[in-house]
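Peer 1: Below is the structure, and that's it, no one-letter string:
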């Protein structure tokens, strides 16, 4: 049986279509040709972070022999790995013949490859393929590892034997190049070389560590930018005490008053080889005087300084404060003490005490010379030097010199009080500003003899002469009375004296005189004196002041 002529055109058309499909690369059913070309469009040669998608997707294009896009064809993407490819996903070409894929890099650093394969529409087997290259770099720092230099022992302010060996890696264990690292220590004087740096290509760095002081146990803290938790490296100071230097910075040579704090604190500094030592315990104590210091012990600050307030006791005079470092727990001993000197001065005047010149009794006409002596003290009994004391006769006919005197180092003011002209009470007041006056008392009594008194002349016969109870009892300051008789009823008397102090050959003076009274109660004496065995020389003197 032959085919109907009417069916021939249909069979011829089907055959022609099959030939066309073969000629064009085949089909995947009606309207799906087999691609003849397969190429990369974009997304190749990128650099990205491990474990993350590249910034740009990879794009491929499938086309037929005429260059027309082949849509609806399957493209498979796989990561190249040793031992085979790891399938990552598939895509289907669009109307432009393109398939797009977001490439998530593998978790190791270095070159990585992606293969895109277009699959045969009939068999599903790879037909054509293209490759993409990318460079994977480490993720952000996630971990710090100390590879060496842990738990060393060294000397303060000296390098440890081994450097700190550290490495920074990301969350996948890849070495992180260029990580910003800082190394610090809370111990004073500790130093690192370098202290700030970035890691090398292998994520590693080496740091030299100079130990600080005074801590026995010391810690280097390694921090990486972006990493929340730092890592600590430990080291210890070698055994034995450190001989530190203790110097006095301020507070020396001050002045203050008793029972009061000095104006400025005493400040010392502890150092070792010129480097301040913080945290060292400094002990303060009074070394001279009854002063107090607070605190008795104080730690040094970040600059190696410690200070204390010095308060004087109640006794004036020189004071001394000593500072020392004997910190056995911290292993620190000062090579010498630091000593501050201060002058404790008496407080404000509080009392006046008469030391001499009070309660004397002297006959009228006898010239009385009284050394008035007054002690000025503070409320604790300390002598108060340098104060002005005013002496003023307030009763009687006495005079005083000087009218104003200044207390000496012993707190004593001195003046000469002279009286004897008038009968009765003599009163001398001594005043210091702010205090009640002190009063010196004296009494001038009636003479025992009408001739009693002091007789002034030119120095002959031992004048000025002092007559008491009718007898010559005193000669001038340059003479020593050796013999004296009473004045008789006629007013005559004799006496002898010599030069004072006695010479090798003393010169003896023999005097004879007659005392007389005038109508107004005045008295005088006249007579002669003989030197050794010489002739008599006339002389005279008058009673008075």
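Peer 2: In hand now; what should we look at? The shown structure was predicted, so the numbers you read here are calculated from the model rather than taken from an experiment. Residues are numbered from 1 along each chain as shown.

Peer 1: Output the longest strand belonging to this protein.
Peer 2: strand 126-137 (DSSP state E).

Peer 1: For it, buried residues please.
Peer 2: 127-128, 130, 132, 134, 136-137 (16 or more other C-beta atoms under 10 Å). Using the backbone N, CA and C atoms, a C-beta is placed for each residue, glycine as well.

Peer 1: Over to stretch 371-382?
Peer 2: For stretch 371-382, by 16+ other C-beta under 10 Å, it's 372-378, 382.

Peer 1: Export the residues you listed as a markdown table, with columns for secondary structure.
Peer 2: Output for these, formatted as a markdown table (DSSP: H, G, I helix; E, B strand; the rest coil):
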| residue | secondary structure |
| --- | --- |
| 372 | strand |
| 373 | strand |
| 374 | strand |
| 375 | strand |
| 376 | strand |
| 377 | strand |
| 378 | coil |
| 382 | coil |
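
Peer 1: Would you reformat those as CSV and include distance to residue 531 and pLDDT?
Peer 2: As requested, these are arranged in CSV below (distance: C-beta to C-beta, whole Å; pLDDT from 0 to 100):
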residue, distance to residue 531, pLDDT
372, 38, 96
373, 39, 97
374, 44, 97
375, 46, 98
376, 49, 98
377, 52, 98
378, 57, 97
382, 55, 96
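
Peer 1: Tell me the one of these nearest residue 524?
Peer 2: residue 372 (30.9 Å; C-beta to C-beta).

Peer 1: In a strand, residue 461, correct?
Peer 2: No - looking at residue 461 with three-state DSSP, it is helix, so not inside a strand.

Peer 1: any idea what sits nearest it, other than its immediate chain neighbours?
Peer 2: residue 511 (4.0 Å; C-beta to C-beta, 6 or more residues apart in numbering).

Peer 1: That neighbour against residue 498, yeah?
Peer 2: No - counting by C-beta atoms under 8 Å, residue 511 does not reach residue 498; the two are 11.7 Å apart.

Peer 1: Counting neighbours, go ahead and name the busier of the two.
Peer 2: residue 511 (26 against 17; other C-beta atoms under 10 Å).

Peer 1: roughly how far apart are the more buried one and residue 125?
Peer 2: 166 Å (C-beta to C-beta, to the nearest Å).

Peer 1: Assess the claim that residue 516 and residue 490 are in contact.
Peer 2: No - applying C-beta under 8 Å as the test, residue 516 and residue 490 come out as separate, 9.7 Å apart.

Peer 1: Those two: which has the busier surroundings?
Peer 2: residue 516 (13 against 9).

Peer 1: Now do the shared contacts for residue 511 and residue 498.
Peer 2: The contact sets of residue 511 and residue 498 do not overlap (C-beta atoms under 8 Å, 6 or more residues apart in numbering).

Peer 1: related to what we said a few turns ago, ok, then the element right after the longest strand of the chain?
Peer 2: strand 143-148 (DSSP states H and E).

Peer 1: now, which of the buried residues of stretch 371-382 sits nearest residue 304?
Peer 2: Among the buried residues of stretch 371-382, and counting by C-beta to C-beta, the member closest to residue 304 is residue 382, at 37.7 Å.

Peer 1: so who does that closest one touch?
Peer 2: Residue 382 neighbours (C-beta under 8 Å, 6+ apart): 258, 314-316, 346-347, 411.

Peer 1: gap between it and residue 351?
Peer 2: 10 Å.

Peer 1: cool, residue 332 as well?
Peer 2: With C-beta to C-beta as the criterion, residue 332 and residue 351 are 49 Å apart.

Peer 1: Have a look at these two and say which one is more surrounded.
Peer 2: residue 332 (24 against 16).

Peer 1: Do I have it right that that one meets residue 271?
Peer 2: No - if you go by C-beta under 8 Å, residue 332 and residue 271 don't touch, sitting 11.0 Å apart.

Peer 1: check contacts around residue 384.
Peer 2: Here residue 384 is in contact with 346-349, 376-378, 407, 411 (C-beta under 8 Å, 6+ apart).

Peer 1: pLDDT wise, what is it at?
Peer 2: Predicted confidence (pLDDT) at residue 384: the value is 96.

Peer 1: Against residue 437, how distant is it?
Peer 2: 16 Å.

Peer 1: what do you get for residue 239?
Peer 2: Remark: distance between residue 239 and residue 437 (C-beta to C-beta) = 72 Å.

Peer 1: what does residue 149 give?
Peer 2: Distance from residue 149 to residue 437, by C-beta to C-beta: 84 Å.

Peer 1: Helices of the stretch 401-545 of the chain, start to end?
Peer 2: In the stretch 401-545 of the chain, no helices are found when defined by DSSP state H, counting those that start in this stretch.

Peer 1: show me where pLDDT drops low in it?
Peer 2: 458-460, 462-463, 475-478, 499-507, 532-535, 545 (pLDDT under 70).

Peer 1: what ranges do the strands span in it?
Peer 2: For the stretch 401-545 of the chain, the strands defined by DSSP state E, counting those that start in this stretch occupy 404-406, 412-419, 424-431, 438-445, 453-456, 465-468, 471-474, 479-484, 492-499, 508-517, 523-531, 536-543.
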